[in-house]
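K.L.:
Just a sequence and a predicted model for now, questions to come.
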Amino acid sequence: MEVVRNITQDTIWVGGGDVRLALFENMFPLENGVSYNSFLISDEKTALIDTVDESVGRQFIENIKAALDGRTLNYLIVNHMEPDHCANIDEICRLFPEAQIVGNKKTFQMIQQFYDIDIEGRTLEVKDGDSLTLGVHTLRFIFAPMVHWPEVMFTYDAYDKMLFSADAFGTFGGYTGNLFSDETDYEEVYLSEARRYYTNIVGKYGVQVQAAMKKTADLDIQMICPLHGPVLRGAQMRKLLDKYAVWSSYRPEERGVLLTYASMYGNTENAVRLLANFLAGNGVKNIRIYDVSKTHFSTIVADAFRFSHLVFASPTYNLKLYGAMENVIKDLAALNLQNRDVSVLGNGSWAPAAGKAMAGMLSEMKDMRLIGDVFEIRSALKKEQYSALENLAELISSSVLCVDVESA
Ligand SMILES: Cc1cc2nc3c(=O)[nH]c(=O)nc-3n(C[C@H](O)[C@H](O)[C@H](O)COP(=O)(O)O)c2cc1C
């Protein structure tokens, strides 16, 4: 039985949701699943915008058939060739042999790479800025390379003033029936997941996200239809656009301190908790403490993009940095995180190396400003180090309280 919903008079959501998937990209934990959006526009011609993941393929085909209501499909527009959105291209080609596939040069290369489909004679290659008229709906294609794959394009429907934005503005979270952002408590339910999705998946490509946003800045957009999560409109849409402007520029979103530590026997953790106590005593709000061995790195990444100040603390392990900590800092560097104030605590019992290793990795990242010296612990924090830790807390606190953020 079909599960579809009209977005406008002519455009129907025909996607699906998967709450069984545990790890998105086999990497990112999903508490409430994920949705795969696809949209059918019925005008004089019909056009389907993207397909879905194979896990919801059967539902999707039922949805399309119902939404077409006996009509045929004229166009399949492929905004993004990641398999969670294009897994059904071959099925669509088989069911609708007269449908033309609309994409760019890179789209067609990827179709050939992923699938053994004969698309000869049924492609419509578009260039950046090209339009396609369906009747009253004219679709404009806006290339958005590396948001977050090279072939990505947005499709703008000038008639309904909707932007189909591929993975941009998407979020984790399954389909609840509340398709529109203003039917949900978006900030409460989705914003932190939208942040985790953006920072981990698209975060590396801030420059490209800004370029795409610049290209669409003059469009009259009343709705954004991403490939995951609610269709955005109204205040939630404007809020997420503002958030994207901040995240993609790597500016901190909020004043606060994220303390990330590794600890095998609790001594490094003890120093971090005392530091956090001092910070709170100095009036710092928004303190988060994460154990790298316990909290998934994607949550740490999201909060590293969010907060203005970062503290990393780790023991030495076989003359190197503790592995889980090394991975987190490497990941932050790979995602291009920059422009943060950072402090480092290292621990070791005979040949300490962690503090230096962390400071070295952070110094190679852009605009990472070290606050205080690397704080060295020999096995466990001692009473005589108390005031030195208090001094470090003082330096961090005064920096937090005067840092420039978007919404302090
Ligand atoms: C397997 C293993 C390897 C270690 N390698 C080193 C090392 O190479 N150099 C060093 O100074 N300490 C090393 N240590 C000691 C820890 O870094 C040190 O005891 C630290 O205080 C532990 O902090 P924690 O209590 O927060 O776990 C090692 C500890 C373990 C368990």
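P.N.:
The structure has been received and is ready for your questions. None of these values were measured; they are calculated from a predicted model. Numbering: from 1, shown residues only.
K.L.:
Distance check, K294 against the ligand.
P.N.:
Noted for K294: a distance of 14 Å to the ligand, by Cβ to the nearest ligand atom, to the nearest Å. The C-beta positions use only the backbone N, C-alpha and C, and glycine is treated the same way.
K.L.:
Next one, pLDDT for that residue please.
P.N.:
K294 carries a pLDDT value of 98.
K.L.:
Pretty sure it sits in a strand.
P.N.:
No - under DSSP: H, G, I helix; E, B strand; the rest coil, K294 falls outside any strand and is assigned coil.
K.L.:
Tell me the backbone dihedrals of it, please.
P.N.:
phi -110, psi -50 (degrees, to the nearest 10).
K.L.:
Any idea how many residues pack against it?
P.N.:
7 (other Cβ atoms under 10 Å).
K.L.:
repeat for K320
P.N.:
The tally of other residues near K320 (other Cβ under 10 Å) stands at 11.
K.L.:
How about S397?
P.N.:
20.
K.L.:
Please report how far it lies from the ligand.
P.N.:
S397 is 24 Å from the ligand, by Cβ to the nearest ligand atom.
K.L.:
Now do the contacts for G348.
P.N.:
P315, T316, A354, G355, E376, I377, R378, S379 (Cβ atoms under 8 Å, 6 or more residues apart in numbering).
K.L.:
List only buried entries from those residues.
P.N.:
Those of those that meet the buried threshold are P315, T316, A354, G355, E376, I377, by 16 or more other Cβ atoms under 10 Å.
K.L.:
Secondary structure for those residues - can I get that in TSV?
P.N.:
As requested, these are arranged in TSV below (three-state DSSP):
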residue	secondary structure
P315	strand
T316	strand
A354	helix
G355	helix
E376	strand
I377	strand
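K.L.:
Show me the two of the residues you listed that sit farthest apart.
P.N.:
Maximum pairwise distance in the buried ones among the contacts of G348, criterion Cβ to Cβ, is 11.5 Å, between P315 and E376.
K.L.:
list the residues that contact both of the two?
P.N.:
Joint contacts of P315 and E376 (Cβ under 8 Å, 6+ apart) are G346, N347, G348.
K.L.:
my guess is the first one meets P352, correct?
P.N.:
Yes - under the contact definition of Cβ atoms under 8 Å, G346 touches P352, with a separation of 5.7 Å.
K.L.:
who in the protein is up against the ligand?
P.N.:
263-269, 315-319, 347-352, 379 (Cβ under 6 Å from any ligand atom).
K.L.:
Residue in the stretch 251-400 of the chain with the shortest distance to the ligand?
P.N.:
G348 (2.8 Å; Cβ to the nearest ligand atom).
K.L.:
measure F297 to T155 for me?
P.N.:
F297 sits 33 Å away from T155, going by Cβ to Cβ, to the nearest Å.
K.L.:
So for these two, which sits in the more crowded spot?
P.N.:
Just comparing F297 and T155: by other Cβ under 10 Å the higher neighbour count belongs to T155, 25 against 20.
K.L.:
Tell me how many other residues surround T138.
P.N.:
Considering only other Cβ under 10 Å, T138 is surrounded by 14 other residues.
K.L.:
To clarify, my last question referred to S181.
P.N.:
27.
K.L.:
Could you double-check that it sits in contact with M237?
P.N.:
Yes - under the criterion of Cβ under 8 Å, S181 makes contact with M237 at 6.6 Å.
K.L.:
nearest residue to whichever residue of the stretch 1-150 of the chain sits closest to the ligand other than its sequence neighbours?
P.N.:
Minimum separation of the stretch 1-150 of the chain from the ligand (Cβ to the nearest ligand atom) falls at P29, amounting to 25.2 Å. Closest residue in space to P29, ignoring its immediate chain neighbours: H296 at 5.5 Å, by Cβ to Cβ, 6 or more residues apart in numbering.
K.L.:
and what of L335?
P.N.:
L335 sits nearest to G203 (Cβ to Cβ, 6+ apart), 4.3 Å away.
K.L.:
K294 is in contact with S263, correct?
P.N.:
No - counting by Cβ under 8 Å, S263 does not reach K294; the two are 10.2 Å apart.
K.L.:
Could you measure from the closest residue to F172 other than its chain neighbours over to H148?
P.N.:
In this structure, F172 finds its nearest non-sequential neighbour in E193, 4.3 Å apart by Cβ to Cβ, 6+ apart. Separation of E193 from H148 (Cβ to Cβ) stands at 17 Å.
K.L.:
Thanks again, I'm all set now.
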